[in-house]
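Undergrad: sequence first, then the predicted structure, then my questions.
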Amino acid sequence: MLWKRVLDEIDVEEALNKFRKARVLVIGDLILDHFVWGKVERISPEAPVPVVEVEKESKLLGGAANVAHNIRALGGQVELCGFIGDDKEGQELLEMLKEKGIGLEGILINNHRPTTIKTRVIAGVQQIVRFDREKRIPLTSEEEDRIKGVLKRIWGEVDCVLVSDYGKGVLTKGIMEEIRNLKRKRGKKVIVDPKIGNFHLYKEMTIMSPNTREAEAAANRTISDLESLRTAGRLIMKRFSLEALLITRGEAGMALFMPKRPVVLIPTVAKEVYDVTGAGDTVAAVLSLALASGFDYLESAILSNCAAGVVVGKLGTAVVHPSELRHAVQLYQEESLTPSTLKG
């Protein structure tokens with residue numbers, strides 16, 4: 001088994017040391033994640049809905065900001081590029097980023113839209129409802145130019161670039177064309193964590209990390225078994241001119257596609273799944289950090305798979321720390337897992 005041989009050869013201490021020297025530029029939609037935690041003991045007499053007795057509230061970095069936080073939590077250096085609103089929530093988000101040691105050179109204030117806020121109400125371990133406060137309007141040409149200026153300024157200082165698309169409007173056709181031009185002229189791997197509806201923007205990027213539903217949308221076909229998975233993956237690779245593709249498949253693990261090589265299926269390492277919020281962020285973050293550190297696609301996919309197995313065991317938007325990744329990799333190396341290489 002190729003993936004198992006590669007896994008066994010990974011020196012997690014060496015990986016963590018390399019992470020600390022890597023620098024990643026993350027561009028995308030910045031979000032403030034607001035959690036309301038409580039318990040439910042009765043149904044409302046006004047309507048058939050649960051009454052949540054609020055016990056505490058918390059605010060965390062979300063969207064592309066959570067991706068950057070994941071990179072920083074594992075010791076990587078990260079520059080973040082995107083817009084916040086000219087409001088109290090934007091300042092809160094800015095202070096949180098500063099506290100985490102995330103580079104702020106690319107953070108721009110947008111006077112035309114508020115900071116995006118996602119509020120999740122959680123009772124026990126169950127999310128009851130989520131409501132979003134946001135204003136999705138196209139960027140003006142001036143705002144696009146401000147983002148392009150940041151990209152040109154920072155591009156040469158980083159080891160790779162991660163596009164974190166949450167569909168809030170930052171990643172326009174013009175911005176993605178600028179990224180494509182910089183990639184052609186000045187190199188760098190560009191990793192894309194995609195959003196359904198925006199696949200037309202991602203052509204000629206280096207690697208994408210869609211989940212199964214997103215991959216179905218990109219391929220315009222259903223994925224129901226290994227054969228349809230293989231067909232969809234190859235179609236996406238060709239359609240978007242990618243160097244590699246990593247499809248995350250929930251409890252089924254991951255599927256890594258590379259040109260002229262067998263599709264590699266990597267089993268999940270998650271023992272308990274409490275919350276998948278932000279799991280895609282963690283996969284994209286660790287994938288980028290590993291590629292920026294000089295690991296190949298399969299090594300990077302395996303490391304991101306181990307990290308994802310940690311984060312889904314936590315409630316709310318979460319990150320993975322070095323000790324947790326170290327434990328997950330070592331545990332994964334010790335286990336005897338089912339062969340998972342698909343020929344073809």
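TA: Okay, I see it.
Undergrad: residue 146 reaches residue 108, doesn't it?
TA: Yes. Using Cβ atoms under 8 Å, residue 146 makes contact with residue 108 at a distance of 5.4 Å. Bear in mind the C-beta positions are built from the backbone N, C-alpha and C, glycine included.
Undergrad: which residue ranges of the stretch 151-300 of the chain form helices?
TA: For the stretch 151-300 of the chain, applying DSSP state H, counting those that start in this stretch gives helices covering 173-186, 212-219, 226-239, 279-292, 297-311.
Undergrad: between these, which one is nearest to residue 157?
TA: Evaluated over those, closeness to residue 157 peaks at helix 173-186, with 11.1 Å, by Cβ to Cβ.
Undergrad: could you pull up the mean pLDDT of the closest one?
TA: Taken as a whole, helix 173-186 carries a mean pLDDT of 96.
Undergrad: contacts for it?
TA: Outside of helix 173-186, the residues within contact range by Cβ atoms under 8 Å, 6 or more residues apart in numbering are 27, 139, 144, 147-148, 151-152, 155-156, 161, 163, 188, 190, 201-206.
Undergrad: what's the neighbour count on residue 303?
TA: 29 (other Cβ atoms under 10 Å).
Undergrad: put together TSV for the helices of the stretch 151-300 of the chain, with distance to residue 259 on each row.
TA: TSV is the format used below for these (distance: least, Cβ to Cβ, whole Å):
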stretch	distance to residue 259
helix 173-186	18
helix 212-219	17
helix 226-239	7
helix 279-292	16
helix 297-311	11
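Undergrad: ranking those by burial, who's on top?
TA: Most buried of those, by mean neighbour count (mean count of other Cβ atoms under 10 Å): helix 279-292, with a mean of 29.
Undergrad: and the angle from it to helix 212-219?
TA: Comparing the axes of helix 279-292 and helix 212-219 via axes from the mean of the first three to the mean of the last three Cα atoms, to 10 degrees yields an angle of 70 degrees.
Undergrad: with just CA atoms, put helix 279-292 into PDB.
TA: These are the backbone C-alpha positions of helix 279-292, laid out as PDB (Å, rounded to 0.1, in the frame of the first residue of the first chain):
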ATOM      1  CA  ALA A 279     -12.900  20.600   9.100                       C
ATOM      2  CA  GLY A 280     -12.500  21.700   5.500                       C
ATOM      3  CA  ASP A 281     -10.500  24.700   6.800                       C
ATOM      4  CA  THR A 282      -8.200  22.400   8.700                       C
ATOM      5  CA  VAL A 283      -7.600  20.200   5.700                       C
ATOM      6  CA  ALA A 284      -6.800  23.100   3.400                       C
ATOM      7  CA  ALA A 285      -4.600  24.700   6.000                       C
ATOM      8  CA  VAL A 286      -2.500  21.700   6.700                       C
ATOM      9  CA  LEU A 287      -2.300  20.700   3.000                       C
ATOM     10  CA  SER A 288      -0.900  24.200   2.300                       C
ATOM     11  CA  LEU A 289       1.400  24.200   5.200                       C
ATOM     12  CA  ALA A 290       2.800  20.800   4.300                       C
ATOM     13  CA  LEU A 291       3.300  21.800   0.600                       C
ATOM     14  CA  ALA A 292       4.900  25.000   1.600                       C
END
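Undergrad: model confidence for the residue lying closest to residue 264 once chain neighbours are set aside, exactly?
TA: Closest residue to residue 264 apart from its sequence neighbours, by Cβ to Cβ, 6 or more residues apart in numbering: residue 256 at 4.5 Å. Residue 256 is assigned 98 on the pLDDT scale.
Undergrad: burial count for the nearest residue to residue 207 once chain neighbours are set aside?
TA: Nearest residue to residue 207, sequence neighbours excluded (Cβ to Cβ, 6+ apart): residue 244, at 4.3 Å. Counted with other Cβ under 10 Å, the neighbours of residue 244 add up to 23.
Undergrad: any idea how far residue 244 lies from residue 311?
TA: Residue 244 sits at a distance of 22 Å from residue 311 (criterion: Cβ to Cβ, to the nearest Å).
Undergrad: tell me the secondary structure for residue 128?
TA: Using DSSP: H, G, I helix; E, B strand; the rest coil, the three-state assignment for residue 128 comes out as strand.
Undergrad: identify the residues contacting it.
TA: 40, 50, 52, 121-122.
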